[in-house]
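A.B. asks: after the sequence you'll find the predicted model.
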Amino acid sequence: MVFCPNCGNENDDIAVYCSECGQKLQTIVDDQMETQGNVEKEILKEIILVSATKETLKIINKNNPKPKRDRRRSLYFTNKNIYIGQGTTLGNADMMGSIASSAGGVFGGVLGKKAGHSIAKQLSSSKRESIENNFQELAAQDPSIHIIPYTEIMNLFMNKQKTLRTSYITIETSADKYKFASLELKKYKQYLETIPTILGDKVIIEK
């Protein structure tokens, strides 16, 4: 078990936030990490570059002791969670930065059967495994990373792409509403296909 330094509540070993007060659980002890060794790793499915709205920025900076005004974010879709990282990499972690360098700065390809010439094709197996094995660890160590578990998502709205109109991705949970403008106009059409394969009927494509 992991004890919250703020309220003392007991949390599961793999918990990133305290279930009682929401405090980020920063410290991961070695023996706790060994206990997590058999935990199923998260699989990276999609990466989308976005710009957060002013209201959304307040939500994702709420537990960040050093919040930044830069609205640019990356949405990392795994098989379990959405990780919201600053800029174009997940926090300042080298392993996530390796995605950009390994892919030559190309983002947005789904990591799976529809990968084509996406990031997955350009990542070595060792780098990809390193990334997928460390999502929870990265999030626990970097307060700038915000996590939205799929179990908390009620709906994810995506508007159809139209000329001269910004394409938005809106995520609704029972507690918050996140809204992002896509920064990848040429790839947004692809996301309209890949995101529903990840979140199923929670995705609503608006006209």
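C.D. replies: Now that the structure is in, tell me what you want to look at.
A.B. asks: how many residues are close by the residue nearest to Thr53 when sequence neighbours are not counted?
C.D. replies: Distance criterion C-beta to C-beta, 6 or more residues apart in numbering; nearest residue to Thr53, sequence neighbours excluded, is Lys179 at 4.6 Å. C-beta coordinates here come from the backbone N, C-alpha and C atoms, glycine included. Residues lying near Lys179 (other C-beta atoms under 10 Å) number 18.
A.B. asks: per-residue pLDDT, Lys179?
C.D. replies: Note on Lys179: pLDDT of 97.
A.B. asks: separation between it and Ser167?
C.D. replies: Plainly put, Lys179 is 12 Å away from Ser167 if you go by C-beta to C-beta, to the nearest Å.
A.B. asks: my guess is the residue nearest to Thr53 contacts Lys54. True?
C.D. replies: No: under the criterion of C-beta atoms under 8 Å, Lys179 is not in contact with Lys54, lying 9.6 Å apart.
A.B. asks: so what's the residue nearest to Thr53 up against?
C.D. replies: The contact partners of Lys179, taken as C-beta atoms under 8 Å, 6 or more residues apart in numbering, are Ala52, Thr53, Glu55, Thr56, Tyr168, Ile169, Thr170, Ile171.
A.B. asks: narrow the residues you listed to those in helices?
C.D. replies: Mapping these onto helices (DSSP state H) picks out Glu55, Thr56.
A.B. asks: beta-bridge partners for Leu44, please?
C.D. replies: Thr78 (DSSP bridges).
A.B. asks: tally of neighbours for it?
C.D. replies: If you count neighbours by other C-beta under 10 Å, Leu44 ends up with 24.
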